[in-house]
Every structure is written in C-alpha cells, then in structure tokens.
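I would like to see how this sequence folds:
(one chain, ligands or ions: 2)
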Amino acid sequence: MNILILGSGGREHALAWAVMQNPKCDRLIVAPGNAGIALIAECAALDIEDGGAVVTFAEENSIDFVIVGPEAPLAAGVADRLRDAGLLVFGPSAEAARLEASKSFTKEICDAADAPTAAYGHFTDADAAKAYVREQGAPIVVKADGLAAGKGVIIAETVAEADAAIDDMFGGAFGGAGAEVVIEEFMQGEEASFFVLCDGSDVLPIGTAQDHKRVGEGDTGPNTGGMGAYSPAPVLTDAIAQKALDEIIRPTMAEMAKRGAPYQGVLYAGLMIENGQPRLVEYNVRFGDPECQVLMMRLGAQAMDLMHACAEGRLAEARVNWADDHAMTVVLAANGYPGSYEKGSVIGGLDDLPEDSFQMMFHAGTTEMAGKITATGGRVLNATARGATLQEARDRAYAMVDQVNWPEGFCRRDIGWRTL
Ligand code: AMP
Ligand code: GLY
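Ligands and ions are numbered 1, 2, ... in the order given. Next up is the predicted model:
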C-alpha cells in the first residue's frame, strides 16, 4: 500500500514509525513532516488544510490510504474531500469532527445521548453568561466554543475571574472561536484519556493514557500542549473503561449515526474520574499529542492494520494484541515555551541514540538546516520508551533525554510522578 500521513508533529512521527514497520506499507509519504520523519519516510510540502490540493497530491502519488493527524484539516473537511474522490481515509467528516470543533455541539450530543458530563450553559452574549456564573458560583469553567489550539479553557477560581474570561472571549481574544461560550461546572477527580477507534458502528478501545499539561514540575505553571504522557493510565481500570464505553462513548456514536453523521476515526475521550464514575470532559477527533507517541510505542505495526480496518468499516473483526507493558514519553521543549521562545538552535547528540522497538526519539518541531537538526517549534522532541514496568520505561526515556545536547531546551524531570 502507498500511504499518506498528514501532519508534522511528534504524533505524526509516531504514526509514521508504526506504519513503516508494517510489511503492508510499500511507500510512505508524510506531508509536511519534519526532520525526524524525513529519516524514515518521504516528506512533501503540502497545504494540508486545502482539501483540493490534498486530493490532487494523493491521486498524483497513487496513494491507497490517507491518515489524517491533526484536527484542523478534519474540521476543514479534508477527509470528506478525499472520500468524495474515492480515496480511503482514516479520520472523521467535518460534521463528525464538530465533536472537537464545537463544545456546545458536544454538550448537546451528550444531553441527547444521556452521557454523564459537567452541567453547563451555552451563551452568545456576555450579560447572560455572567448572570449564569452568579447563579452557579465559583470555581467554574469558561470555554470558547470553537477550536482555540488548547487555549480556550479558563478554570475560574472566582466569579471575578470568570467575568474577566467572559469579557476576553466575547471581546475577541480567541477570534471566532470565542463568539459563543460554554460555561461548565468544575469537575473534581482524576483525569485520564481513553482512545477508541470507531468505524461508524463498532467501537474498539486501543489504549489509555495520562498526560501532564502544565509546564512545571509537580504539575504547576501555565498549560501547554502536553509535556509528557504515559500509558496505560492506572486510574482507568477495566471496570471504569467499560462504564465509559457503555455510558458515554457508545451512546455518543449511536447519536452521531442517528443524526446522519456516523463517526469514523480515532475518538479521544478526556474523562474525569471520581468515586469510580467517569464523566466526559471533552472529545478530540484525533490522537493526542504526545499521547499518540506512547500508544504507538505499545501497539507497533498493528496500529496500521487497526486504522486500516477502521477506515474500511471492518472493526467488528479487528483485535488488539496487547503486550503487558508500559510506555512513557518525555517532551523536550524550547526554553520559554509555552511563552515566547527562540527558533533555530542546533540540537546535538541525536545520532547515537539507541532507537529500536523499545525506544525512539520522536521529532516534533525540527527541521534540517545545513546538515544539522534545528529546533523550529515550542515542543521539539519526544523521548519515548516502553518497558515491563513504568519505571523501566521511564528510565529508558530519561536515558535518551540525557544524551541530547541542547542547552536551548528543557524538559520536566517528573513525568509519571503520580503513578510512580
Ligand atoms: P480542553 O481544552 O477542553 O482540553 O480543557 C483543558 C483542560 O481543562 C482539561 O484537560 C481539564 O484539565 C480542564 N477542564 C476542562 N473542563 C473542565 C471541567 N468542567 N471541570 C474541571 N476541569 C476541566
Ligand atoms: N495532549 C493533549 C492533546 O493532544 O489534546
């Protein structure tokens, strides 16, 4: 098979790494890719949010199967355009991608499906939103309705903070994403991520993970895209995972199908777990980044068969071959991230890393300049490893980190601390 992966992050490097190990893959192109991906696959410049351009590229390169990494092309309807052109694609339609692209849509689906989630109100003007906050009291969560690159959620400790967030959102701080606002009950508990494949009718769990969103050790400081993750998530026991499937995920999938927008692709359910009961925090319509890195490290080549079966509507016959293992990824980010940071620093020490099926340095924001691997983004590298225990995975991942020579970067030293 000729396969095209869309995206350029650590998530896409991990997807490419898993796909390349599968003997069914004859040729792999990643667009646009990064310097790490270029070591294992072909990279091609392409505007991945331009559906017409992606279809033309896929046709010209005799692509048999397209895997869409990030949410933006999905929300822009790229999977629809590919399917309309007769191409096989892993990823939901724009209509189904509203489960991530619109928080009020997701809340409405949860209501219809009777899925446990936070109580909420949905507002299009600031006065009504503020009146709701006064009724409910703080702490309370204020969310921009649309895609805001992970920045559109404010956990307000006081009514004044909630008011300020509401003014910011309606004032345009999040652009069009903040034209509508969802205000939610603050849920207590422990968070975990649950990943399932859905083919429109069947659902197949493919792993659990926990990530560290805050930039600082001990989970302090500003939110980031994720500074590290590990899989499995011990808090998501088999019994709680079953409840999440029965009460949240399957009813959501059934409701989407009923509305004529069956969901096909990976569904990432962010769950809050309290007293053995999962409630939905949010859905994402793609793999998490860096959660994908630990899932791919555990699944290996079978990930491609699973995604292919999903795209072809054959999930009912698909099985995951689980190893009894653990994986961890540690993110190396540019100094200053998630605030402003310098680009263009050279990263040393990458040549002699022991990369195999137990450990991989996945690249995120890197490019090659004059023969040297150079940082181009906030999150730059993901040291990823697996082992028989989480401790073993951790030791391998940090051993890779310690071989990297990059004074302009940093990482958290405590990934996995809650579990370890
Ligand atoms: P999101 O951008 O929707 O992923 O939200 C970012 C983070 O905010 C989530 O991962 C949670 O940690 C937190 N969060 C969102 N909604 C709630 C809620 N209703 N209660 C508590 N925490 C929340
Ligand atoms: N790591 C969180 C996300 O991908 O949304």
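
all contacts plus neighbour counts: C-alpha atoms, from now on.
OK.

number of nearby residues for Asp324?
10 (other Cα atoms under 10 Å).

Quick check: it touching Arg386?
No. Using Cα atoms under 8 Å, Asp324 is not in contact with Arg386; the gap is 10.5 Å.

Identify the residue nearest Arg27 in space, chain neighbours excluded?
Excluding the flanking residues, the one nearest Arg27 by Cα to Cα, 6 or more residues apart in numbering is Asn2, at 4.7 Å.

burial count for the one you found?
That count, for Asn2 with other Cα under 10 Å as the rule, works out to 16.

cool, Leu39 as well?
Residues lying near Leu39 (other Cα under 10 Å) number 9.

begin at 43 from here
Got it, the first residue is 43 from now on, which makes the last one we talked about Leu81.

which regions of this structure lie under the pLDDT threshold?
Residue ranges of the chain with pLDDT under 70: 192.

Which single helix of it contains the most residues?
In the chain, taking DSSP state H as the definition, the longest helix is helix 432-445.

rewinding a little: ok, the residue nearest to Arg69 to ligand 1 distance?
According to Cα to the nearest ligand atom, to the nearest Å, Asn44 stands 34 Å off from ligand 1.

what do you get for Ser243?
From Ser243 to ligand 1 the distance is 26 Å (Cα to the nearest ligand atom).

Go ahead and confirm that residue touches Glu297.
No. Counting by Cα under 8 Å, Ser243 stays clear of Glu297, with 10.8 Å between them.

is it fair to say Ile71 lies in a strand?
Yes. Assessed with DSSP: H, G, I helix; E, B strand; the rest coil, Ile71 lies in a strand.

After the longest helix of the chain, which helix or strand is next?
strand 451-452 (DSSP states H and E).

for that next one, packing partners?
Counting contacts by 3 or more Cα pairs under 8 Å, 6 or more residues apart in numbering; DSSP states H and E, the secondary-structure elements packed against strand 451-452 are strand 368-376.

three-state assignment of the closest residue to Val308 other than its chain neighbours?
Once flanking residues are discounted, Val308 sits nearest to Leu239: 4.4 Å by Cα to Cα, 6+ apart. Assigned by three-state DSSP, the conformation of Leu239 is strand.

what about Leu239, how many residues close to it?
Count around Leu239 with other Cα under 10 Å applied: 26.

With Val362 instead?
14.

That one and Ala351, how far apart?
Look at Val362 and Ala351: by Cα to Cα, to the nearest Å, they are 12 Å apart.

Repeat that for Glu102.
24 Å.

Comparing these two, which residue is more hemmed in?
Neighbours were counted for Glu102 and for Ala351 using other Cα under 10 Å; Ala351 has more, 19 against 9.

what sits against the more buried one?
Leu357, Ala360 (Cα atoms under 8 Å, 6 or more residues apart in numbering).

Surely it forms part of a helix?
Yes. Assessed by three-state DSSP, Ala351 belongs to a helix.

Chain neighbours aside, what residue packs nearest to Ala303?
Using Cα to Cα, 6+ apart, the nearest residue to Ala303 is Ala138, at 5.6 Å.

and if you look at Ala286?
Nearest residue to Ala286, sequence neighbours excluded (Cα to Cα, 6+ apart): Pro320, at 6.1 Å.

What segments of the protein are helices?
Using DSSP H, the helices assigned to the chain run over residues 52-62, 93-102, 113-117, 120-126, 140-143, 145-155, 168-178, 201-212, 280-285, 292-300, 333-341, 344-353, 432-445.

what residues does the stretch 93-242 of the chain put near ligand 1?
Ala160, Val183, Gly192, Val195, Glu226, Glu227, Phe228, Met229 (Cα under 6 Å from any ligand atom).

Any idea how many residues pack against Leu346?
You called it Leu, but residue 346 is Met. Neighbours of Met346 (other Cα under 10 Å): 22.

can you pull the contacts of it?
Ala60, Val61, Asn64.

Could you check how far the residue nearest to Arg69 is from ligand 2?
Noted for Asn44: a distance of 27 Å to ligand 2, by Cα to the nearest ligand atom.

Then Ala358?
From Ala358 to ligand 2 the distance is 27 Å (Cα to the nearest ligand atom).

now the residue lying closest to that residue once chain neighbours are set aside: how far from Arg292?
What sits nearest to Ala358 in space, not counting adjacent residues and going by Cα to Cα, 6+ apart, is Asp244, at 6.0 Å. Per Cα to Cα, Asp244 is found 9 Å from Arg292.

got it, and His254?
27 Å.

neighbour count winner among the two?
A direct count of neighbours by other Cα under 10 Å for His254 and Arg292 places His254 higher, at 26 against 18.

ok, now which ones touch that one?
Contacts of His254 (Cα under 8 Å, 6+ apart): Asp261, Gly268, Met269, Gly270, Ala271, Ile457.

Go ahead and confirm the fourth one touches Val257.
No. With contact defined as Cα under 8 Å, Gly270 does not count as touching Val257 (9.7 Å).

Quick check: phi and psi on whatever residue of the stretch 343-462 of the chain ends up closest to ligand 1?
Relative to ligand 1, the nearest point of the stretch 343-462 of the chain is Pro380 (14.7 Å; Cα to the nearest ligand atom). Backbone torsions of Pro380, given as degrees, to the nearest 10, read phi -90, psi 10.

For Ala198, the count of nearby residues, please.
So Ala198, with other Cα under 10 Å, has 18 neighbours.

Identify the residues contacting it.
Contacts of Ala198 (Cα under 8 Å, 6+ apart): Ala180, Pro181, Ile182, Val183, Val184, Ala204, Ala207.

and the closest residue to the second one other than its chain neighbours, how many neighbours?
Of all residues beyond its chain neighbours, the one nearest Pro181 is Glu199 (4.4 Å), with distances taken as Cα to Cα, 6+ apart. Neighbour count of Glu199, defined by other Cα under 10 Å: 14.

and if you look at the one 5 residues further on?
Around Ala204 sit 25 other residues, with neighbours defined as other Cα under 10 Å.
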